[in-house]
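Chemist: Here is my input, please return the structure:
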Amino acid sequence: MQYQAESSGRLWLIGGTTESSQLAAALAQAQLPCTISVATETARSLYPDVPLLRVWVGRMDAAQIGQFLQEQKIVAVLDASHPYAVEISENAIAASTQLQIPYLRYERPRLERGRGAEGQRGRGAEEQRSRGAEGQRGRGDLSIQNPKIIHLDSFATLVAGEYLEGHRVLLTVGYKALPLFRPWQERSTLFARVLPASISIEAAITAGFTPDRLCAMRPPISADLEKALWRHWQISMVVTKASGASGGEDIKRTLADELGVSLVVIEPPVVEYPQVTSDLSEAIEFCLKYS
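Modeler: Alright, predicted model coming up:
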């Protein structure tokens, strides 16, 4: 089935990230009509208030995405969603493929994994990534090496192993993953940093975190504040997602090295993106081509 978009169609920018706000500003400057989708009302403030940009708030399942593409007269999809927001990406790929609408994944530059012995444990996530020739262009990896960094392919691998045993652990992984760590509350001393939202705090408390082991704060977190928190709680291990520099991963790597703290980095789930870039100009060229 092919969807015949009108010449006056719009771009769909899948947003909710810092990178998506930068892309939106560039699209507005290029005078390209765009509909930006975000999951929460709070995320609306990330984007410039200009006539060419519409912000659509809400979550969509596979069927709703197909309807959305046609109602919004979408001519191309630029996916700048969070690296761990797998469902929206997979559904957008499926719908755009079915309707033959061009799709491009914009991926934040990733930090290169450490080369030390511990940095090799649990590896496999990056080897599982299958990228086409176009997907390799413009990745812009940053090389920061630290032998105390442990790369794992999932939270399940982490909680099934002995990595957390006896540690004072700071989890900066989002509230959805916290229930997985409940069995470890008696085997290690767990702390969590979550967003200052009731759903996040309630999920943490339900997962066994007491108020004195919770910090509710919205990123970005400065290096000084990060260091102060680690020292205050006497943290010996930090668990984070592979969020790149924009997600504060580079700061965590530097502090882990400085303070002698182990850093566990959970790699993003594997998604077979048709096209991937980390180059802003390449993303805008893609949009110009199909607008």
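Chemist: Verify the assumption that residue 84 is located in a helix.
Modeler: No: with DSSP: H, G, I helix; E, B strand; the rest coil as the criterion, residue 84 is coil rather than part of a helix.
Chemist: and it, what does it touch?
Modeler: Taking CB atoms under 8 Å, 6 or more residues apart in numbering, we find residue 84 in contact with 174, 241, 268-269. For glycine as for every other residue, the C-beta is placed from the backbone atoms N, C-alpha and C.
Chemist: Please apply the same query to residue 21.
Modeler: 15, 46-47.
Chemist: cool, residue 183 as well?
Modeler: Residue 183 neighbours (CB under 8 Å, 6+ apart): residue 159.
Chemist: Tell me the secondary structure at it.
Modeler: helix.
Chemist: Just the ones in helices from the contacts of residue 21, please.
Modeler: Per DSSP state H, helices hold no members of the contacts of residue 21.
Chemist: who wins for most neighbours among the residues you listed?
Modeler: residue 15 (28 neighbours; other CB atoms under 10 Å).
Chemist: As a check, name the ranges of all strands in the stretch 1-150 of the chain.
Modeler: 10-14, 34-38, 53-57, 74-79, 103-106, 111-112, 142-143, 149-152 (DSSP state E, counting those that start in this stretch).
Chemist: Which of those strands sits closest to residue 22?
Modeler: Each of the strands of the stretch 1-150 of the chain has some distance to residue 22 by CB to CB; the shortest is strand 103-106, at 9.5 Å.
Chemist: Near the residue lying closest to residue 18 once chain neighbours are set aside, how many other residues are there?
Modeler: Distances taken as CB to CB, 6 or more residues apart in numbering place residue 246 nearest to residue 18, at 5.0 Å, with adjacent residues excluded. Counted with other CB under 10 Å, residues neighbouring residue 246 total 15.
Chemist: Residue 246 against residue 22, yeah?
Modeler: No: the criterion here is CB atoms under 8 Å, and residue 246 misses it with residue 22 at 9.3 Å.
Chemist: hang on, the earlier thing: wait, which of the contacts of residue 84 is closest to residue 60?
Modeler: residue 269 (18.9 Å).
Chemist: And for residue 156, the neighbour number?
Modeler: 12.
Chemist: Please apply the same query to residue 17.
Modeler: 22.
Chemist: What are the phi and psi values at it?
Modeler: phi -120, psi 170 (degrees, to the nearest 10).
Chemist: Kindly report the same for residue 180.
Modeler: Torsion angles, degrees, to the nearest 10, at residue 180: phi -60, psi -20.
Chemist: Look at it and report its pLDDT.
Modeler: We note a pLDDT of 97 for residue 180 in this prediction.
Chemist: can I assume it is in contact with residue 155?
Modeler: Yes: using CB under 8 Å, residue 180 is in contact with residue 155, at 5.2 Å.
Chemist: Relative to residue 105, which of the contacts of residue 84 is nearest.
Modeler: Out of the contacts of residue 84, the member with the shortest distance to residue 105 (by CB to CB) is residue 268, at 11.6 Å.
Chemist: Domain parsing of this protein, as residue ranges.
Modeler: Per automatic domain parsing, the structural domains of the chain span 10-107+273-290, 111-266.
Chemist: out of the ones you listed, deepest packed?
Modeler: For the domains of the chain, the largest average neighbour count (mean count of other CB atoms under 10 Å) is found in domain 10-107+273-290, namely a mean of 18.
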